[in-house]
Structures are given as C-alpha cells and as structure tokens.
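J.: just to be clear, the model below is a prediction. Sequence and coordinates:
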Amino acid sequence: MKRFLFSISAILTSGFIWAAAPIQPAQALCAHTLEMGDWVNRNSNTRSITRANIGFVCQDVILNGQRPTAPPYSIELFGSCSPTDCEWEEVGARRLPVDEGRWLRTTLDQGFAKRTIWVKAYSEDSLRVWIWTDFSDPNREDYASNDWFVRR
C-alpha cells in the first residue's frame, strides 16, 4: 500500500511541476530548400532563360493568427534579350508530391503564350528549369526548353 501511495504521490508531484513550467512558443520546422537562391544558366551564350531567382516563405509561420495563403515558393525568370535580359513576371509555385518527382511547378500567362514551368534542384549547385510554351496563336509552334543552372 505504501508503494502505491508513493507512486500516486510521485505522479501528482511531477504533474504539478510540468503544469507550472513556462509555456514555450512553437518553433517553425521549415528547412532550407536546395532551390532557394539566385541561379545563372550554365550556357552563358543561351538564347533561352539566363537567370532564375527562387524564393521560399515558410508556411509554418503564423502572423496575427493567420497562416500565409500565398504559395510557399516564388519563381522569377529572366529571358535572353538585348541589350538587357527580359524580366518575366514573378509567380508563385508549389512543390509536387514525391511520386511526381518533387518538382516546383507553376504557370505563367504572358498573353501571347502560356508557359508551364518546372524547377528542380539536383544538388547545391545544379538546378534544372524545364518550360513548356503554348502559344495563343495557332500558327506558332509550341515548344519545350530545358536549361541547367549553377548557383550565382
């Protein structure tokens, strides 16, 4: 009986100590993603995409009681133009599930063409950007581009 009372006493005491402990704020669990950062095309003479900026906003962050509603990733591409590169509109992107290759995917409607953009990092210094361009004009031939980038 003494053993039983001692056990109950120990449990209650530890419960009171735990309940009186200060509450710690939750910590976001977002990790750095390989895609994040500024990238340049491996081919410095490309007539395709010259640069890519990939951003990330942790969706675990709650501000004023609200979770972010925007996509967690942003993709900004720059096309080869003269005299300076053409800045494409920055668009939000989402990561595809593991069974779909974990690519970042988004679409960009430029009016004259709709582009579906896939981005995937293969290492800290290797990024692939694959784009399907679907022209609005039926007389223009749609095409795909496949470019490899290194971290800037």
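T.: Yep, that arrived. Worth saying up front: this structure is predicted, and the values here are computed from it rather than measured.
J.: output stretch 122-130 as CSV - backbone C-alpha positions only.
T.: Once non-C-alpha atoms are left out, stretch 122-130 reads as follows in CSV (Å, rounded to 0.1, in the frame of the first residue of the first chain):
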residue,chain,number,x,y,z
TYR,A,122,19.7,18.2,-58.2
SER,A,123,22.4,19.4,-55.8
GLU,A,124,23.5,22.6,-54.1
ASP,A,125,25.0,23.8,-57.4
SER,A,126,22.7,22.3,-60.1
LEU,A,127,19.2,23.5,-61.0
ARG,A,128,17.1,22.4,-63.9
VAL,A,129,14.3,24.6,-65.4
TRP,A,130,12.0,22.9,-67.9
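J.: any idea of the mean pLDDT for it?
T.: Mean pLDDT, taken over the full extent of stretch 122-130, equals 97.
J.: buried residues, that stretch. List them.
T.: Applying a neighbour-count criterion of 16 or more other CB atoms under 10 Å, the buried positions in stretch 122-130 are Leu127, Val129. No exception for glycine: its C-beta is placed from N, CA and C like everyone else's.
J.: which residues of this structure fall in strands?
T.: With DSSP state E as the criterion, the chain has strands at 37-41, 49-56, 73-79, 86-87, 91-95, 104-109, 113-123, 126-135, 143-151.
J.: please name the residues that touch Trp130.
T.: Neighbouring residues of Trp130 by CB atoms under 8 Å, 6 or more residues apart in numbering: Ile117, Trp118, Val119, Ala144, Ser145, Asn146, Asp147.
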